[in-house]
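In: sequence and computational prediction follow.
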Amino acid sequence: MKTDDLKALSISPDASLRAAIEAIDRSKRQISLVVDANGRLVATVTDGDVRRGILRGVDLDGSVDQVMHRSPTTITQGAPDAETRRLIRERKLQHVPVLDADGRVVDLATVQDLFGVTPNDTRVVLMAGGLGTRLRPLTETVPKPMLPVGGKPILEQIIGLFADQGFWRISISVNYRAEMVRKHFGTGEGLGVEIDYIEEEQAMGTAGALSLLAEPPDSPFIVMNGDVLVALQFPELLAYHKEKSATGTLVVREFEQQVPYGVVRSANGLMTGIEEKPVERYFVNAGIYVLSPEALNRLTPGTPLDMPDLLSAITEDGENVGVYPLRDYWRDIGRISDLEAARSEFDSVFRG
């Protein structure tokens with residue numbers, strides 16, 4: 001934040017409540033900082049503090065100390081963004097003053113700056129329990145989602161994508177070499193998220209593992225394979241799910257395949273046309289889903305089930321399954337050639 005912006009929202013300890021309101025209006029940050037003559041933070045005043053004070057009958061021309069908060073949450077200059085995101089999320093804050101070693105205000109961290117959006121409580125379930133047989137020998141000692149792309153495990157890149165969009169409630173379904181995943185991510189604190197684990201004692205499939213959730217979601221949630229790199233705005237996907245009044249939604253990617261021969265069309269033993277090396281186009285499953293809580297009613301605890309079977313059951317029951325076409329980058333890392341491609345593409349797609 002610029003120095004002038006900090007000055008605009010700063011007031012002295014002997015200022016009036018009215019002056020605090022004016023500072024809040026000037027800064028348009030819903031907060032005013034009470035600082036001493038040396039710029040050290042004394043307290044904060046939010047628009048909520050002001051409202052509560054007015055309801056108590058506080059005089060607007062009286063001292064701001066009638067409403068100010070003398071022990072605000074702060075962070076030290078240079079603290080990692082992940083730590084700040086975690087603090088904002090855990091304490092449900094909108095702003096956190098940033099202080100130097102002497103307690104002087106040097107910045108104001110905000111939800112908008114750190115997340116780009118308000119923290120999102122939507123549960124995200126990442127499937128990371130597969131054997132990765134097509135990636136052997138690489139996966140003989142390392143689970144597929146822990147293979148590095150862009151200098152970090154695939155799964156860490158995925159979690160970072162969600163964290164950057166404000167999602168913080170992450171569940172990871174683990175089976176093969178689960179201890180490596182747990183050791184690397186722990187509780188998720190280092191990434192500014194909260195992580196819990198779904199333990200698959202046997203392969204449960206992308207839907208069956210959801211029956212093992214300790215706390216079933218009470219609102220639509222996202223399920224995603226742990227070996228997919230994608231450029232996707234997940235809030236837009238959730239909005240699409242709601243718009244379609246869907247019980248389930250799957251993300252699809254257009255796939256093209258050229259037939260290397262001339263394709264003959266016929267009817268009743270007679271040729272009706274011939275097309276040389278046509279390109280066939282299909283929508284393929286991208287391994288990313290949104291489910292409403294009622295979808296889980298179709299699961300039997302401990303019984304394996306794949307997501308396509310669950311989605312088919314939903315449509316057979318006459319309920320909606322949305323199809324969300326993905327136009328941006330997508331790479332399913334199922335083979336060594338896919339892994340090599342993801343590594344070569346990563347910088348240009350995600351850091352360009």
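Out: Yep, that arrived.
In: can you give me the buried ones in the longest strand anywhere in the chain?
Out: What stands out as the longest strand in the chain, according to DSSP state E, is strand 279-291. For strand 279-291, the neighbour count (16 or more other CB atoms under 10 Å) marks 285-291 as buried. From N, CA and C alone the C-beta is placed, and that goes for glycine too.
In: any idea which helix or strand comes after the lowest-mean-pLDDT helix or strand in the chain?
Out: Taking mean pLDDT, DSSP states H and E as the measure, the chain has helix 111-115 as its least confident helix or strand, at a mean of 73. Following helix 111-115 in sequence order, the next helix or strand is strand 120-127 (DSSP states H and E).
In: could you check the angle strand 279-291 makes with that next one?
Out: 120 degrees (axes from the mean of the first three to the mean of the last three CA atoms, to 10 degrees).
In: may I have the strands that pair with strand 120-127, each with its orientation?
Out: Based on DSSP bridges, the pairing partners of strand 120-127 within the sheet are strand 167-174 (parallel), strand 221-225 (parallel).
In: ok, the longest strand of the chain: who's next to it in the sheet?
Out: Here, using DSSP bridges, strand 279-291 pairs with strand 221-225 (antiparallel), strand 248-258 (antiparallel).
In: what residues sit buried inside the helix or strand following that strand?
Out: Per DSSP H and E, the first helix or strand lying C-terminal to strand 279-291 is helix 307-316. Neighbour-count burial for helix 307-316 flags 307, 310-311, 313-314 (criterion: 16+ other CB under 10 Å).
In: could you export these as CSV, including pLDDT and distance to residue 232?
Out: Shown next, in CSV, are the buried residues of helix 307-316 (pLDDT from 0 to 100; distance: CB to CB, whole Å):
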residue, pLDDT, distance to residue 232
307, 95, 17
310, 97, 21
311, 97, 19
313, 96, 25
314, 97, 22
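In: before we move on, back to that, other residues contacting the longest strand of the chain?
Out: 206, 210, 220-225, 227-228, 230, 232, 237-238, 241, 246-259, 307-308, 311, 322-323, 325-326, 330, 332 (CB atoms under 8 Å, 6 or more residues apart in numbering).
In: ok so, going back, can you redo the strands paired with strand 120-127 as CSV with distance to residue 303 and mean neighbour count?
Out: Formatted as CSV, the strands paired with strand 120-127 follow (distance: least, CB to CB, whole Å; neighbours: other CB atoms under 10 Å):
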stretch, distance to residue 303, mean neighbour count
strand 167-174, 15, 24
strand 221-225, 17, 24
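In: export the ones you listed to CSV and tack on mean pLDDT and distance to residue 118?
Out: Below are the strands paired with strand 120-127 laid out as CSV (pLDDT from 0 to 100; distance: least, CB to CB, whole Å):
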stretch, mean pLDDT, distance to residue 118
strand 167-174, 92, 11
strand 221-225, 97, 17
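In: can I get stretch 37-44 in CSV? Just the C-alpha atoms.
Out: C-alpha atoms of stretch 37-44 as CSV (Å, rounded to 0.1, in the frame of the first residue of the first chain):
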residue,chain,number,x,y,z
ALA,A,37,3.3,10.4,16.7
ASN,A,38,6.0,7.9,15.6
GLY,A,39,3.7,5.8,13.4
ARG,A,40,3.5,2.9,15.9
LEU,A,41,0.1,1.1,15.9
VAL,A,42,-2.0,1.8,19.0
ALA,A,43,-5.3,0.3,17.9
THR,A,44,-7.7,-0.3,14.9
